[in-house]
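1. next come a sequence and a model predicted from it.
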Amino acid sequence: MKFGAIALLIALAALPCAAQLTDVQNPKQQTRNDAAQTVPPWVVAGQQVIQELAAGQFDKVEAQYDPKMTTANPAGRLADAWGSIVKLEGAFQSIAGIRAGKVQNFNAVLFTCKFEKALVDAEIVYQQDGKIAGLHFGPHQQPLPAWTAPAYAQPSAFTEQPLNLVNGAFEMPGTLTAPNGTGPFPAAVLLQDAGPHDQDETIGPNKPMRDLAWGLASRGIAVYRYVKRTAKYGAKSNADPAKLTVDDEVMSDARAAVAMLAKQPKIDPSRIYIIGIGLGGYVAPRIAAGDPQIAGIVAMGANTRPLEKEMVTALQYVAKEDAEQAAAAAANKPSLAPKPTGEAAPKATPRPSAEDEKAIAIAEDSAKQIENPNLKPGDSVQVLDGTMAASYWLDLRDYNPVETAERLRIPLLILQGGRDFQVTPEDDFSGWQSAFAHRRNATLKLYPDLNHLFIFGTGPSFPEDYSKPGHVDEQAISDISSWITAGGKRPAPHGTAN
């Protein structure tokens with residue numbers, strides 16, 4: 001089922017954040033016995049929004065948008081989106097379920113709406129002041145299973161304690177996971193991928209950063225992870241949102257985390273590493289170049305090409321796979337039409353859907369804006385889910401992770417999933433291989449069956465894979481822990497000294 005939708009403009013993954021929500025009783029169905037239960041005010045407000053949508057009072061809903069939503073969603077777009085749903089699924093009938101909670105620093109509520117033909121999820125995200133920061137409609141999804149510890153984690157082997165990261169005017173919640181014993185232990189700071197992630201990098205039912213923390217701590221390595229600054233402060237991650245940079249988003253806090261970790265009891269300050277997935281691995285060389293405290297880098301699924309190019313190729317891949325799946329489904333659909341005789345006609349190349357083509361066009365236009373030599377501070381760049389400050393992209397314009405890493409003398413561990421469609425072996429890992437295959441301070445490894453989150457799978461990888469429960473692969477955990485324990489040294493070939 002596909003229908004028009006309003007983008008969730010706060011850069012939350014649409015609907016997977018529902019894994020952090022809990023069931024709430026419909027206020028209109030409360031009895032006297034449970035009327036004392038407190039219903040969050042945003043649930044009541046959201047229920048009113050659904051009723052206004054059903055009544056066609058779209059102007060009342062639009063009046064509740066925050067400025068960013070108002071700018072990105074002109075009058076009439078909401079009516080079109082709701083009308084598309086009604087056209088496909090029939091008239092709205094009732095609210096069949098409610099889930100609510102806090103997602104990052106927002107209040108979120110997800111309504112399961114019953115239409116004549118199907119259930120549809122309507123997710124409304126509120127700012128603290130009650131303004132609507134995001135609105136998204138999608139096919140109904142069953143609540144995702146809760147995260148469970150991977151088999152390789154041994155909770156009895158470590159302890160966890162809250163440890164906030166303070167960097168100037170910013171304070172982010174965090175957790176230190178430390179092995180039992182007196183130490184001193186080697187340690188690692190975890191850096192999330194692009195986006196305003198929580199400390200576990202929660203994506204659907206998966207928490208890859210918690211997997212890493214528990215897996216490594218079970219093997220004698222202390223791990224510190226924290227909420228990303230943009231997850232807590234959003235555009236206000238810089239005092240001037242128009243000047244937001246990747247330094248604000250990742251690098252400054254990473255260095256502050258390393259410095260803080262070095263002062264903790266049981267930690268060996270000479271053996272502190274940074275481990276980054278995706279964007280975290282991409283900027284890890286730049287972080288280390290400005291911080292002599294860092295003993296080594298682990299880059300997992302780290303791109304070598306600019307981010308704007310990664311966005312385009314990832315969308316092109318998804319569009320191609322979508323088109324091929326649709327064509328295969330159509331070919332297998334029973335038909336009463338007579339089959340053609342004679343020589344078979346050549347197969348036509350499946351064409352991406354209009355929705356996918358539009359997304360690709362937006363990404364390609366974004367890349368042109370980002371790479372325009374006339375782009376200057378104070379400008380903004382249109383991306384898929386809204387706009388971003390030009391300062392962010394200008395900060396990355398002359399950055400080359402491979403060249404930066406080549407100037408480092410600390411050990412590097414570069415890991416790649418073979419099923420990663422976002423950062424691919426062909427387009428990205430090959431760049432690392434070309435530069436570091438024969439460097440004594442670098443170890444590179446490809447895992448053919450792992451995706452971008454380093455979770456095992458088979459066949460082509462899709463975004464939907466991230467909604468399936470899994471864990472960072474044990475072999476990757478073992479390789480990282482062995483490498484750190486050995487001091488970040490390349491394994492000696494055939495038992496000889498390196």
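-> Alright, I've got the coordinates. Just so it is clear, the model here is predicted, and its values are computed rather than measured.

2. ok, Leu450 - contacts?
-> Gly417, Gly418, Arg419, Asp420, Phe456, Gly457, Asp473, Ala476 (C-beta atoms under 8 Å, 6 or more residues apart in numbering). (Each C-beta comes from the backbone N, C-alpha and C, glycine too.)

3. from the residues you listed, which ones fall inside helices?
-> Within those, residues falling in helices by DSSP state H are Ala476.

4. would you mind checking the contacts of Leu450 for buried ones?
-> The neighbour-count test (16 or more other C-beta atoms under 10 Å) marks Gly417, Arg419, Asp420, Phe456, Gly457, Asp473, Ala476 as buried among these.

5. could you export those as JSON lines, including pLDDT and distance to Glu171?
-> Converted to JSON lines, the buried ones among the contacts of Leu450 look like this (pLDDT from 0 to 100; distance: C-beta to C-beta, whole Å):
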{"residue": "Gly417", "pLDDT": "97", "distance to Glu171": "33"}
{"residue": "Arg419", "pLDDT": "96", "distance to Glu171": "37"}
{"residue": "Asp420", "pLDDT": "96", "distance to Glu171": "33"}
{"residue": "Phe456", "pLDDT": "96", "distance to Glu171": "37"}
{"residue": "Gly457", "pLDDT": "95", "distance to Glu171": "37"}
{"residue": "Asp473", "pLDDT": "98", "distance to Glu171": "33"}
{"residue": "Ala476", "pLDDT": "98", "distance to Glu171": "31"}
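
6. and the residues you listed, which is closest to Lys131?
-> When the buried ones among the contacts of Leu450 are compared for distance to Lys131 (C-beta to C-beta), Asp420 wins out at 37.2 Å.

7. which pLDDT value goes with Gln20?
-> According to the prediction, Gln20 has pLDDT 60.

8. and for Tyr226?
-> If you check Tyr226, the pLDDT there is 98.

9. ok, Gln128 to Lys232 distance?
-> With distances taken as C-beta to C-beta, to the nearest Å, Gln128 is found 12 Å from Lys232.

10. now the common contact residues for the two.
-> In contact with both Gln128 and Lys232: Asn105, using C-beta under 8 Å, 6+ apart.

11. compare neighbour counts for the two and give me the winner.
-> Lys232 (18 against 11; other C-beta atoms under 10 Å).

12. name the helix or strand for that one, please.
-> Using DSSP states H and E, Lys232 sits in helix 229-233.

13. out of the contacts of Leu450, who's nearest Met172?
-> Of these, the one sitting nearest to Met172 (C-beta to C-beta) turns out to be Ala476, at 25.8 Å.

14. before we move on, back to that, so which elements touch the helix holding Lys232?
-> The contact analysis (3 or more C-beta pairs under 8 Å, 6 or more residues apart in numbering; DSSP states H and E) places helix 229-233 against strand 170-172.

15. I'd like the mean pLDDT over the helix or strand encompassing Gln51, please.
-> Using DSSP H and E, Gln51 sits within helix 41-54. Helix 41-54 carries an average pLDDT of 94.

16. how about a markdown table for the contacts of Leu450, with distance to Thr387 added?
-> As requested, the contacts of Leu450 are exported to a markdown table (distance: C-beta to C-beta, whole Å):
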| residue | distance to Thr387 |
| --- | --- |
| Gly417 | 31 |
| Gly418 | 35 |
| Arg419 | 32 |
| Asp420 | 28 |
| Phe456 | 37 |
| Gly457 | 34 |
| Asp473 | 37 |
| Ala476 | 36 |
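
17. list just the nearest of the contacts of Leu450 to Leu384.
-> Asp420 (19.7 Å).

18. how about the closest one, what does it touch?
-> Gly301, Leu450, Asn451, His452, Ser461.

19. how about Asp398?
-> Per C-beta under 8 Å, 6+ apart, neighbours of Asp398: none.

20. Met311 too?
-> Counted by C-beta under 8 Å, 6+ apart, Met311 has contacts Ala363, Ser366, Ala367, Val383, Leu384.

21. let's see 10 Å
-> For Met311, the contact set (C-beta atoms under 10 Å, 6 or more residues apart in numbering) comprises Ala194, Ala359, Ile360, Ile362, Ala363, Glu364, Ser366, Ala367, Ile370, Val383, Leu384, Gln422.

22. what secondary structure does the third one sit in?
-> Applying DSSP: H, G, I helix; E, B strand; the rest coil to Ile360 yields a three-state assignment of helix.

23. excluding chain neighbours, what is closest to it?
-> Nearest residue to Ile360, sequence neighbours excluded (C-beta to C-beta, 6 or more residues apart in numbering): Leu315, at 4.9 Å.

24. element containing that neighbour, please.
-> helix 307-331.

25. what segments of the stretch 201-350 of the chain are strands?
-> 222-226, 267-277, 294-300 (DSSP state E, counting those that start in this stretch).

26. I'd like the ones you listed as CSV, with mean neighbour count appended.
-> Below are those laid out as CSV (neighbours: other C-beta atoms under 10 Å):
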stretch, mean neighbour count
strand 222-226, 27
strand 267-277, 22
strand 294-300, 26
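
27. quick check: the nearest residue to Ala259 once chain neighbours are set aside vs Ala188, distance?
-> Spatial nearest neighbour of Ala259, chain neighbours left out: Gln293 (6.5 Å); criterion: C-beta to C-beta, 6+ apart. Taking C-beta to C-beta as the measure, Gln293 falls 13 Å from Ala188.

28. look at these two and report which has more neighbours.
-> Ala188 (28 against 13).

29. three-state assignment of that one?
-> Ala188 - assigned by three-state DSSP - is strand.

30. any idea how far Trp483 is from it?
-> Ala188 is 11 Å from Trp483, by C-beta to C-beta.

31. mutual contacts of those two, please.
-> Tyr273, Gly296, Val298.

32. and the first one, bridged to which residues?
-> Okay, so that is Tyr273. Ala188, Gly296 (DSSP bridges).

33. hang on, it packs against Ile294?
-> Yes - if you go by C-beta atoms under 10 Å, Tyr273 and Ile294 touch, sitting 7.0 Å apart.

34. and for those two, which residues touch both?
-> Val189, Val258, Ala284, Ala288, Ile410.

35. going by distance to Pro306, which of these wins?
-> Checking those one by one against Pro306 (C-beta to C-beta), the nearest turns out to be Ala284, at 16.0 Å.

36. and the residue nearest to Ala259, what pLDDT?
-> Value for Gln293, per-residue pLDDT: 95.

37. quick one: residues contacting it.
-> Gln293 makes contact with Arg255, Val258, Ala259, Leu261, Ala262, Pro269, Ser270, Ile272 under the criterion C-beta under 10 Å, 6+ apart.

38. show me which pair in those residues is furthest apart.
-> Arg255 and Ser270 (16.4 Å).

39. list the buried residues of the helix or strand that contains Trp432.
-> Here Trp432 sits within helix 430-436, counting by DSSP H and E. By 16+ other C-beta under 10 Å, the buried positions in helix 430-436 come out as Gly431, Trp432, Gln433, Ala435, Phe436.

40. just the C-alphas of it, formatted as CSV.
-> Extracted in CSV, the C-alpha atoms of helix 430-436 (Å, rounded to 0.1, in the frame of the first residue of the first chain):
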residue,chain,number,x,y,z
SER,A,430,37.6,-0.3,-2.1
GLY,A,431,38.9,3.2,-1.3
TRP,A,432,40.1,2.1,2.1
GLN,A,433,41.7,-1.1,0.5
SER,A,434,43.6,0.9,-2.1
ALA,A,435,45.2,3.1,0.5
PHE,A,436,45.7,0.7,3.4
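
41. how far off centre is it?
-> In terms of C-alpha atoms, centre = their mean, to the nearest Å, the centre of helix 430-436 is found 25 Å from the chain centre.

42. all good on my end, thank you.
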